[in-house]
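Asker: with the sequence up front, the predicted model follows.
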2 protein chains.
Amino acid sequence: MSDDDAVLFANEAFYRAFADRDIAAMAAVWSFDAPLSCLHPGWGPLFGRADVMASWAGILSAAEAPNIRPVAPRASVHGALALVVCFEALGESWAIATNVFLREGRLWKMVHHQAGPTSERPPATAEMATSGPLH
Amino acid sequence: MSDDDAVLFANEAFYRAFADRDIAAMAAVWSFDAPLSCLHPGWGPLFGRADVMASWAGILSAAEAPNIRPVAPRASVHGALALVVCFEALGESWAIATNVFLREGRLWKMVHHQAGPTSERPPATAEMATSGPLH
């Protein structure tokens, strides 16, 4: 598996945990060792594993937790750190995200996430290329 | 100068170029060698130096280019890559940003920027600690 593929796999695992509202899977996506930060849409910044995980526990347990699906992800690997930029399909609305992963042994672990609203849409080819629901 | 200080200096240079509407300074902030990406608020993603720089040329030359000031920046250095999370003061409104820098020799060069709206405000202490306008 190429670095790009491995990073995109980690990105997919993040969105699968999100869509499944699986807090244990979400906890495993994020690094246990590195400094973490997370910028949810409209929120202030969260720093540190405790605050980041508490935010996910709240989001994933909320009645209005969104169905979310990554579209058109694109990875850039810079040595031991990698960025993924992707659209997030949220029902009728769209967001756009930066996800940052750190190489830890054979795995890529998330260290940062920012998502925000966008009025743009992914290219039609990217949308058609997705395989539908995550599971 | 510590790594954190050097990264925060690079972050400051980015916002100074932005506030000064200085496209040459903005061009120098960004890496010439690494893959670049930029997510302006509400836009779709931009990839590659040509598209990223074209977007800045447009933004910095627009009549409505915002006065912008970083507040409460916080750096996380992961080897040769570093993240800065900060608030952006934009007149009466606020955004929040992820800025990613790559170490190139003695310099840190920007490889990614995302900004989005936030309803949160920085801590009063952070706001008071800023030294006012950038220049």
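Answerer: Noted; the coordinates are in hand.

Asker: residues in contact with the residue in chain A that chain B sits nearest to?
Answerer: Proximity to chain B, evaluated over chain A using CB to the nearest CB, is greatest for A:Gly116 at 2.5 Å. Every C-beta, even on glycine, is put in place using the N, C-alpha and C of the backbone. Neighbour list for A:Gly116: A:39, A:41, A:95-97, B:39, B:41, B:114-117 [criterion: CB atoms under 8 Å, 6 or more residues apart in numbering or on different chains].

Asker: hmm, 10 Å instead?
Answerer: By CB atoms under 10 Å, 6 or more residues apart in numbering or on different chains, the contact set of A:Gly116 is A:39-42, A:88, A:95-98, B:39-42, B:95-98, B:114-118.

Asker: restrict the helix or strand containing it to CA atoms and write it as CSV.
Answerer: Applying DSSP states H and E as the criterion places A:Gly116 in strand A:107-117. What follows is strand A:107-117, C-alpha atoms only, in CSV (Å, rounded to 0.1, in the frame of the first residue of the first chain):
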residue,chain,number,x,y,z
LEU,A,107,-0.2,3.4,11.1
TRP,A,108,-1.3,7.0,10.3
LYS,A,109,-3.0,8.6,13.3
MET,A,110,-5.0,11.7,13.3
VAL,A,111,-3.6,14.8,15.1
HIS,A,112,-5.8,17.6,13.7
HIS,A,113,-9.2,18.1,12.1
GLN,A,114,-10.9,21.3,10.8
ALA,A,115,-14.2,21.3,9.0
GLY,A,116,-16.1,24.3,7.8
PRO,A,117,-19.1,25.1,5.5
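
Asker: what average pLDDT does that strand get?
Answerer: Averaged across strand A:107-117, pLDDT comes to 97.

Asker: that one vs strand B:107-117, what angle?
Answerer: 50 degrees (axes from the mean of the first three to the mean of the last three CA atoms, to 10 degrees).

Asker: now strand A:107-117: buried residues?
Answerer: A:108-117 (16 or more other CB atoms under 10 Å in any protein chain shown).

Asker: just give me the neighbour total for A:Phe14.
Answerer: 22 (other CB atoms under 10 Å in any protein chain shown).
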